[in-house]
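>>> Here's my sequence, what's the structure:
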Amino acid sequence: MYNLEELQKLINERISKEEFDKEPYLLYKPIKYTLDTGGKRIRPALVLLACNIFSNNIEPAIKPAIGLEIFHNFTLLHDDIMDNADVRRNKPTVHNKWNDNIAILSGDAMFIKAYDYFLNSEFLNFKEVLRVFNKTAIEVCEGQQYDMDFENRTDVTEQEYIKMIRLKTSVLIAAALKIGALIGGADNKNANLLYEFGINIGLGFQLQDDMLDIFGDEKVFGKKIGGDIIANKKTYLLIKALEMADNKTKKDIENLLELNFVNNKKITDIKNIYNKLNIQKLTQDKIAYFYKIAINALSNADISVDAKDELIKFAQKLIKRNK
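Numbering: from 1, shown residues only. Next comes the predicted model:
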């Protein structure tokens, strides 16, 4: 059985061989630029890993895995425009390097290309796999809309936030596992248990991302620290701070949120409030809560001990990462 690192390497090799050097130059060059910037290749590697759990032949899953990675990167192009982000993976974002219109159109092309990779694959349960992909694609869009809706609200609840990140982030990780499992021949019970595992690890992953945005090392994290604060993102940290703050501190937070421009003091002041309210520890506890649910789902799956160990290792690495 492959391990995750081997599959990440395999995916990188296969993606590097894909041809995107063609005209019109300004449509395809940003696609190649985006895929060449790397990333962790978590989602496509999970497709292959889940397939390998149920089959020794992972070849049928490679093109769908690449398609899922292209789809993921398409969402990042559009997210960066909506978030006005300048840096992604320590490099200029596509809309920053070129412009918004090019980033939008190249992103659209990537979404279409993602379907091509599924269509050019050969496995028995094609319709079932494509239904999972389609459901996931629209859920990611729903999650992004909720995220944007929350920017103009100060009353977002923890429950609403968890629903949003489930849609925006978790479902794609979960779908990678389910798609790979189905291609590998898994029955619905095991495919769904891997999906549940992925959902909860994805929730922990996003909460860790929220925490790194304010408590991470910018050089390691690959994005500007405090970006969520500048954009007034209603992250788990902010929601818990507003929930736990006394009236004066809550008013201080609300006043800081009204500063709608890049302001390092805004970042520092909100971080100080988080420290005062022990928000980092609360976030870590929530991550541990989702991790426990994920491991419980995994324990009920009818898969080998080696497969479970590999997924547990992946989960631990994901929620304890620093970038």
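
>>> And Y274, how close does it get to N247?
Distance from Y274 to N247, counting by Cβ to Cβ, to the nearest Å: 18 Å. No exception for glycine: its C-beta is placed from N, CA and C like everyone else's.

>>> more neighbours, the two?
When neighbours are counted by other Cβ atoms under 10 Å, Y274 comes out ahead of the other of Y274 and N247, with 22 against 7.

>>> That one: what secondary structure?
Here Y274 is recorded as helix under DSSP: H, G, I helix; E, B strand; the rest coil.

>>> Correct me if wrong: it contacts L282.
No: taking contacts as Cβ atoms under 8 Å, Y274 lies outside contact range of L282: 9.4 Å.

>>> quick one: low-confidence parts of the stretch 1-150 of the chain?
Residue ranges of the stretch 1-150 of the chain with pLDDT under 70: none are present.

>>> Give me the residues contacting the strand or helix carrying L298.
In the assignment (DSSP states H and E), L298 maps to helix 279-299. For helix 279-299, contacts defined as Cβ atoms under 8 Å, 6 or more residues apart in numbering pick out 193-194, 196-201, 203-204, 207-208, 210-211, 215, 236-237, 240-241, 244, 274, 308, 311-312, 315, 319.

>>> what is the rounded mean pLDDT of whatever helix or strand comes next after it?
Later in the chain than helix 279-299, the nearest helix or strand by DSSP H and E is helix 305-319. Across helix 305-319, pLDDT averages out at 93.

>>> Let me know the angle separating helix 305-319 from helix 279-299.
Relative orientation of helix 305-319 versus helix 279-299 (axes from the mean of the first three to the mean of the last three Cα atoms, to 10 degrees): 160 degrees.

>>> centroid residue for this protein?
Taking Cα atoms, centre = their mean, the centroid of the chain lies closest to T169, which sits 4.3 Å from it.

>>> Which residue, other than its chain neighbours, is closest to M244?
Once flanking residues are discounted, M244 sits nearest to L277: 5.1 Å by Cβ to Cβ, 6 or more residues apart in numbering.

>>> now L105
Counting by Cβ to Cβ, 6+ apart, the residue nearest L105 is L27, at 6.2 Å.

>>> List the contacts of the one you found.
Applying Cβ under 8 Å, 6+ apart to L27 gives the contacts 102, 105-106, 109.

>>> doesn't Q145 make contact with M164?
No: using Cβ under 8 Å, M164 is not in contact with Q145; the gap is 9.0 Å.

>>> The residue nearest to the centre of the chain touches Q144, doesn't it?
No: under the criterion of Cβ under 8 Å, T169 makes no contact with Q144, lying 10.1 Å away.

>>> The residue nearest to L105 and L46, how far apart?
From L27 over to L46 (counting by Cβ to Cβ), the distance is 29 Å.

>>> quick revisit: just the buried subset of the contacts of helix 279-299, please.
Applying 16 or more other Cβ atoms under 10 Å to the contacts of helix 279-299, the neighbour count classes 193-194, 196-201, 203-204, 207-208, 210-211, 215, 236-237, 240-241, 274, 308, 311-312, 315, 319 as buried.

>>> Let's see which of those residues end up in helices.
Counting by DSSP state H, these place 193-194, 196-201, 203-204, 207-208, 210-211, 215, 236-237, 240-241, 274, 308, 311-312, 315, 319 in helices.

>>> E19 belongs to a helix?
No: assessed with three-state DSSP, E19 is coil; it does not lie in a helix.

>>> show me what contacts it?
By Cβ under 8 Å, 6+ apart, the contact set of E19 is empty.

>>> residue at max distance from the center of the chain?
The chain, Cα atoms, centre = their mean, max distance from centroid: K248 (35.1 Å).

>>> Just the buried ones from the contacts of L27?
Buried subset of these (neighbour count, 16+ other Cβ under 10 Å): 102, 106, 109.

>>> Which parts of this structure are strands?
Shown for the chain, the strands assigned by DSSP state E span residues 87-88, 91-92.

>>> Just name the most buried of those.
Each of these was scored by mean neighbour count; the highest is strand 87-88, a mean of 20, by mean count of other Cβ atoms under 10 Å.

>>> who does that one pair up with?
strand 91-92 (antiparallel) (DSSP bridges).

>>> quick one on the thing from earlier: now the residue nearest to the centre of the chain: how far from E139?
10 Å.

>>> same deal with D213?
In terms of Cβ to Cβ, D213 sits 23 Å off from E139.

>>> coming back round to it: thought D246 was touching the residue nearest to M244, still the case?
No: if you go by Cβ under 8 Å, L277 and D246 don't touch, sitting 9.7 Å apart.

>>> What does the pLDDT read for the residue farthest from the centre of the chain?
Reading off the model, K248 has pLDDT 96.

>>> quick one, helices of the stretch 51-200 of the chain?
Assigned by DSSP state H, counting those that start in this stretch, the helices in the stretch 51-200 of the chain fall at 59-83, 94-97, 100-119, 126-150, 158-165, 171-184, 188-215.

>>> among those helices, which is the most enclosed?
By mean count of other Cβ under 10 Å, the helices of the stretch 51-200 of the chain have helix 171-184 as the most buried, with a mean of 28.
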